[in-house]
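> output the structure for:
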Amino acid sequence: MIQAPKSLRVLLPEGSSTSAREAITILGLSGHHVEICDPNSWALGRFSRFVRRFHRCPPLRDDPAGYLAFIEKLLAERRFDVLLPTHEQGFLFARAEARLLQHAGVALPDFTNYRTAHSKAGFSRLLDQLGLPQPPTRIVQGEEALRRVLRFPAVVKTSVGTASRGVWFVRDERELENAVRDLSASGAFAGEMLVQALVAGTTEKAQSVFCRGRLVGFHAYRQVAGGIGGGEAIKQGVARPPVREMLSAIGEKLVWHGALSVDYLMTADDAPPLLIDCNPRLVEPMNAYLSGVDLVGLLLRISLGETPAVLAEGRSGVRTHLSMQALLGLAARGGTRRDLLREGWRLWCAREPYADGAEEMTPLRLDWMSVVPLFLTASLLLAAPRAALRLARGGFGAHLLGLESIKEIEGEAFGRAEP
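From the prediction side, this is the model:
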């Protein structure tokens, strides 16, 4: 077994996501050398004292081959120990894993299995194969089929989408027509879509790390208060043995290697959780870290080829919050400047509902530079509260996949030779 050095050189292939920003904090507190690359010079993760160097790279969305070439060159020249995918870059890296492993450690499953978890339709079919619970679901293609099977209320999802992109809540004819218009404009009717019954329940998320199909780390949390775009403003860690068993079955079936997360609904005390989404990565790992489960550190060890022992369960009940999500969510729900100032004061003074929680994305006391994006966001919202949706969509940018880049990466020749 390879023993990991105390301090590692780690490259994060994007810095715009909240997941990357939280991973940076964890890596920095653990004493690792952290560098990031991103097509956006104002990426959220750049504003951290833990980031040693920022590299501006080609956009994954528009130039996946150029982006891959940039990452390979960077890994070769600066000699990193680990490449740590924190978002949709894993799809590309799984396709070209053999090339990347020549330069650094990286933990990813086989591309075929990665694609199953990345696709909402593929994940739904996998749940059916394993007999795992999900809301009543139909997989369709085309507007006519969508209209034929949909019954109100429902959720319509494109097969590929992240951070609540490609998701429509359809409760009546008006919302159906809005969804159809959006789907038609984006060309989504050419691909598969999920039509699921809209089930009432509490949204929770579970994160895990696998080593060659064996679950070695797990943490779950529930949403206490919502933010914007499907995100959480306040979280609380929970114990969910049934979800752990479900994730274990999924990872074993896919021979998963690396990080895997799921969203699920808790509908009643005596009802099984309903799995509703899958992300082949860690999603905002700070609540797990503060609960005593260092999934990022575990992922580093697996990336280096270790076969670690299973981590013990973390503490339940640990609360964390994301100040930026809280302010964006309040503004998106119609909050006024006075509401935003009042909420900001609660956050600053750690008053309810934030009294017993820790800041997980912009921890000012640990990382003073994280105040910059938080201050800018608060200032813009105070100037124009209705700008919340525009600010949130700014994160759905060039560091993510698009339909065309997915097709290019899936192409037969992609990743086999130097571009």
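> which stretches in the stretch 101-250 of the chain count as helices?
Along the stretch 101-250 of the chain, counting by DSSP state H, counting those that start in this stretch, helices occupy 111-118, 120-130, 143-149, 173-186, 241-254.
> how about low-confidence regions in the stretch 201-350 of the chain?
Counting by pLDDT under 70, not a single residue of the stretch 201-350 of the chain qualifies.
> cool, and the stretch 1-150 of the chain?
Looking at the stretch 1-150 of the chain by pLDDT under 70, you get 1-5.
> can you give me the strands in it?
Listed in chain order, the strands of the stretch 1-150 of the chain (DSSP state E, counting those that start in this stretch) span residues 9-12, 33-38, 51-56, 82-83, 137-141.
> a markdown table for those, including mean neighbour count?
C-beta here means a position set from N, CA and C on the backbone, and glycine is covered the same way. Putting those into a markdown table (neighbours: other CB atoms under 10 Å) gives the following:
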| stretch | mean neighbour count |
| --- | --- |
| strand 9-12 | 24 |
| strand 33-38 | 23 |
| strand 51-56 | 15 |
| strand 82-83 | 24 |
| strand 137-141 | 18 |
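> Provide a list of residues in contact with the closest residue to E252 other than its chain neighbours.
Computed as CB to CB, 6 or more residues apart in numbering, the closest residue to E252 that is not its neighbour in sequence is G213, at 5.0 Å. G213 makes contact with 251-252, 254-257, according to CB atoms under 8 Å, 6 or more residues apart in numbering.
> how about the residues you listed, which pair is most distant?
E252 and H257 (11.6 Å; CB to CB).
> might one say that P153 is in contact with F169?
Yes: shown here, P153 and F169 form a contact pair, counting by CB atoms under 8 Å, at 7.3 Å.
> joint contacts of these two?
Residues touching both P153 and F169 by CB under 8 Å, 6+ apart: L198.
> neighbour count for the two, which is higher?
The neighbour comparison of P153 against F169 (other CB atoms under 10 Å) goes to P153, with 14 against 11.
> contacts only, for that one.
By CB under 8 Å, 6+ apart, the contact list for P153 reads 169-171, 197-198.
> make TSV from those residues and add pLDDT to it.
Listed next are those as TSV, based on pLDDT from 0 to 100:
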residue	pLDDT
F169	94
V170	96
R171	96
A197	96
L198	95
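> now those: which count as buried?
Neighbour counting with 16 or more other CB atoms under 10 Å marks V170 as buried within the contacts of P153.
> in strands only, show me the contacts of P153.
Residues of the contacts of P153 located in strands (DSSP state E): 169-170, 197.
> quick one on the thing from earlier: just among the contacts of G213, which is most surrounded?
Neighbour counts for the contacts of G213 (other CB under 10 Å) peak at W256, which has 28 neighbours.
> hang on, isn't that one packed against V216?
No: counting by CB under 8 Å, W256 does not reach V216; the two are 10.8 Å apart.
> shared neighbours of the two, anything?
F210.
> residues contacting the residue nearest to R148 when sequence neighbours are not counted?
Leaving aside its sequence neighbours, R148 sits nearest to V140 (CB to CB, 6+ apart; 7.8 Å). Listed by CB under 8 Å, 6+ apart, the contact set of V140 reads 146, 148-149, 192-193, 195.
> redo that, cut-off 6 Å
Contact analysis of V140 by CB atoms under 6 Å, 6 or more residues apart in numbering lists 146, 149, 193.
> just want the angle from the longest strand anywhere in the chain to helix 241-254.
Ranked by residue count under DSSP E, the longest strand found in the chain is strand 214-226. Here strand 214-226 runs at an angle of 130 degrees relative to helix 241-254 (axes from the mean of the first three to the mean of the last three CA atoms, to 10 degrees).
> other SSEs contacting strand 214-226?
strand 202-211, strand 232-238, helix 241-254 (3 or more CB pairs under 6 Å, 6 or more residues apart in numbering; DSSP states H and E).
> give me the element T307 is part of.
Using DSSP states H and E, T307 falls within no helix or strand.
> any idea how far R212 is from it?
Distance, T307 to R212, using CB to CB, to the nearest Å: 8 Å.
> who's more crowded, the two?
R212 (15 against 12).
> nearest residue to that one in space, please, no chain neighbours.
Sequence neighbours aside, H257 is the residue nearest to R212 in space, at 5.4 Å (criterion: CB to CB, 6+ apart).
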